[in-house]
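J.: Have a look; sequence and predicted model below, questions after that.
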Number of protein chains: 2
Amino acid sequence: MSLIVQKYGGSSVADADRIKNVARRVIRTKEQGNQVVVVASAMGETTDELIQLARQVADEPDDRELDLLLSTGEVVSCTLLTMALRSMGQKAISLTGAQAGIRTDSTYSKARITGISPKRISRELEKGQIVIVTGFQGVNDELDITTLGRGGSDTTAVALAISLAADRCEIYTDVDGVYITDPRLVPQARKLEEIGYEEMLEMASVGTRVLHPRAVELGWVYGMPIMVASSFNDSPGTLIRGGVPMEIRNKVSGIAHDFNMAKVTVIGVPDKPGIASAIFEALARANISVDTIVQNASINRITDLTFTVAKSDLNKAMEVIKPVAESIGARNCTSDATLGKVSIVGAGMQTAPGYAARMFKTLAENEINIELIATSEIRITCIIDGEKIPQAVQALHRAFEGYI
Amino acid sequence: MSLIVQKYGGSSVADADRIKNVARRVIRTKEQGNQVVVVASAMGETTDELIQLARQVADEPDDRELDLLLSTGEVVSCTLLTMALRSMGQKAISLTGAQAGIRTDSTYSKARITGISPKRISRELEKGQIVIVTGFQGVNDELDITTLGRGGSDTTAVALAISLAADRCEIYTDVDGVYITDPRLVPQARKLEEIGYEEMLEMASVGTRVLHPRAVELGWVYGMPIMVASSFNDSPGTLIRGGVPMEIRNKVSGIAHDFNMAKVTVIGVPDKPGIASAIFEALARANISVDTIVQNASINRITDLTFTVAKSDLNKAMEVIKPVAESIGARNCTSDATLGKVSIVGAGMQTAPGYAARMFKTLAENEINIELIATSEIRITCIIDGEKIPQAVQALHRAFEGYI
């Protein structure tokens, strides 16, 4: 008997019919002789609606209260799914993050899981129950509810799979796997049967949005195989796992993009030790994730420092940065919230310089200006005008078709 | 410094503006030098909407899951109220039933509070916080969420006031106190300045719906004064307390009604010991509250037994009763779901038989047929056609005007 953890995203449980559909899928897995733990996200746009509600009563809702508020979304979807399963004759029970033993730190709205005590889950599984666990949430040492941030339900599912020593973690969403690039932009894009954790991580963090990067990281560290597939059909998904054979490396395994980037430039920074750390420590303390960082070559020991953040973090980032910039003697801070990024991803890319050249040439031929360039061992990223993202992705797909 | 527990009902927190309005009222109480604990119900019709959602996925939603589902309604309203208070510069924190230490038994959907450990509340009050507690919910020994049933937030407020040794419990709702009868039916009905627990109990349990009877009972047992007032204006409410002076007794203190009654008659019951207990124990085990019970005089040792239940409990009651009726040799069971009840309430009524006669005569003059009659020491109740309730209340108000 295998133990399988399945996660269903918000669009998969968006209404009563879809919840019943998910219940039938869960039952099928159970009837194949498996123990099943299900993690569900909040229904449809619930989380956004709750945030809007919060903004109606407070300009800047308190983080602790917001987490407690948002945690209700997953309780609603999970209890409904459990009711559906029970009305179909199954033994099922739903557990909140706290009841499921998911402990986190106290970083409200972006909490990290510190540990899981799955005793209650195991007890219910032994009774033959299907166990439904609210995604996205946990509880800190004070027993206050925390949330894991956007996409946190993926992290919940993978973390539960690891702590229960599950055989596999299955992430069901509204796309049927990981594509070489976004099929909404490039309809002929091919689906990958499998992909390594590392490449998936580059794909996810640059915006394919199939799976939250923290979930991939966790899977990677603990070697938990993760299947990504659609909850709307039975087409085979993409398996993310370690040990993907060498011969499928050294290729472009994906073209990823992200529309919602903002760029911050600190102008006239004295080029001396400690400056970068002053800036990025301040951002880290404010819990703002910085994406790409570029520092220009300095002229007369004065340089410019540019970095990108999610568009939604821009206002907070500017607030944090301005006093720091002043204190380090920088001349000015500017920002641009109209950017996007496009990346090509593939293992071994760094050792094959032809890829970067081809990417830059493709963008140039399409008259797309590159604002910033950043590279990793397996990824080349260009920050460009956000409106030109679809054109760029399509052009890059054509240019790299032979290498995919 | 006084400690005041305030409860705001669903209509008082139905939208963002009303929540801000409640926040301002809470702040006023705080700024008068009081410590404040606030209990809030779910926003507007949230609870009903969640129940509808549950019925979309399951014909008979599981009780445990339903309680967990419904508990989210109060979390939403309480976190929003807390955010509003904080954005107005106050120190405030919201606590779920579990966090507030509200322990209950495991009778899902109708749980009873077994005890309250208000340590966390006291700790937050000492820090100068306004503490917002979710009404209607608690947690059992397994740490599973339970709900207290309809009107349970009133019970939460009074129970918290008692366990915190508060100076007063204030219940804010959409009516501005306890009226002699429903002002929607009798516009000239007078508001009471104060009323004894016992009379209030008869008023509440027969349907004035200002305050849940369990809350009044609790207040009575522990001598906690309860002020009922409107959250929409500053008009003085009605104080429910012990020791209301003798001279205001021996009067009609109210005319109450309830539209949603159903009647069950078990026909042809052998008139022998143990029959009534067989029936009502079965109903009790199914957690169905029986209201009025009438057993007719028996003919040839065969009698009919009639009782009323809330209309919403009728189907369940019939399911429970049918096999019992068969096993005790009754001939048949019938039911009627179109009834209502109307009562006159007043201390010492039983010792003044003129009241009953006047009541029956008034109904007869209005051609309203009486289906069942039941009396207590301080109440006379008639079960009548539900559609005739408004006419009956108006006629009774006219008839008893001089006695009020």
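T.: Okay, I see it. Numbers count the residues shown, from 1 in each chain, chains lettered A, B, ... in the order given.

J.: which parts of chain A sit against chain B?
T.: Taking Cβ under 8 Å from any Cβ of the partner chain as the criterion, the neighbours of chain B within chain A are A:16, A:19-20, A:23, A:50, A:53-54, A:56-62, A:64-66, A:68-69, A:71-72, A:75-76, A:79-84, A:86-87, A:93-94, A:96, A:98-99, A:143-145. Yep, even glycine has a C-beta here, placed from its N, CA and C like the rest.

J.: Out of the residues you listed, which end up buried?
T.: Neighbour-count burial (16 or more other Cβ atoms under 10 Å in any protein chain shown) applied to the residues of chain A next to chain B gives A:16, A:19-20, A:23, A:50, A:53-54, A:56-58, A:61-62, A:64-66, A:68-69, A:71-72, A:75-76, A:79-84, A:86-87, A:93-94, A:96, A:98-99, A:144-145.

J.: So which of these are in helices?
T.: Residues of those located in helices (DSSP state H): A:16, A:19-20, A:23, A:50, A:53-54, A:56-57, A:64-66, A:68-69, A:71-72, A:75-76, A:79-84, A:86-87.

J.: tally of neighbours for the nearest residue to A:V5 once chain neighbours are set aside?
T.: Leaving aside its chain neighbours, A:V5 sits nearest to A:A161 (4.0 Å; criterion: Cβ to Cβ, 6 or more residues apart in numbering or on different chains). If you count neighbours by other Cβ atoms under 10 Å in any protein chain shown, A:A161 ends up with 28.

J.: Ok, A:D271 next?
T.: Per other Cβ under 10 Å, the neighbour tally for A:D271 reads 17.

J.: Over to A:P236?
T.: 12.

J.: same thing with A:G128?
T.: For A:G128, the neighbour count with other Cβ under 10 Å is 11.

J.: my guess is it meets A:K91, correct?
T.: Yes - if you go by Cβ atoms under 8 Å, A:G128 and A:K91 touch, sitting 5.3 Å apart.

J.: How about A:T79, nearest residue that isn't a chain neighbour?
T.: Going by Cβ to Cβ, 6+ apart, A:T79 has B:L69 as its nearest residue, at 3.9 Å.

J.: Let me know the helix or strand that A:V133 is in.
T.: strand A:130-134 (DSSP states H and E).

J.: contact partners of the very next helix or strand once past that strand?
T.: Where DSSP H and E defines the elements, the next helix or strand beyond strand A:130-134 is strand A:137-139. Strand A:137-139 is contacted from outside by A:67, A:70-71, A:74, A:96-98, A:102-104, A:111, A:113, A:145-148, A:152, A:156, using Cβ atoms under 8 Å, 6 or more residues apart in numbering or on different chains.

J.: With stretch A:285-298 instead?
T.: Contacts to stretch A:285-298, defined as Cβ under 8 Å, 6+ apart, come from residues A:107, A:109-110, A:261, A:271, A:276, A:280, A:283, A:303-310, A:313, A:316-317, A:320, A:341, A:372-374, A:381, A:383.

J.: and the spatially closest residue to A:G177 that is not a sequence neighbour, how far is that from B:I121?
T.: Distance criterion Cβ to Cβ, 6+ apart; nearest residue to A:G177, sequence neighbours excluded, is A:T238 at 3.7 Å. Using Cβ to Cβ, to the nearest Å, A:T238 is found at 49 Å from B:I121.

J.: residue contacts, the residue sitting furthest away from the middle of chain A?
T.: Distance from the centre of chain A peaks at A:N300, with 40.7 Å (Cα atoms, centre = their mean). If a contact means Cβ under 8 Å, 6+ apart, then A:N300 has no contacts.

J.: Okay then, goodbye and thanks.
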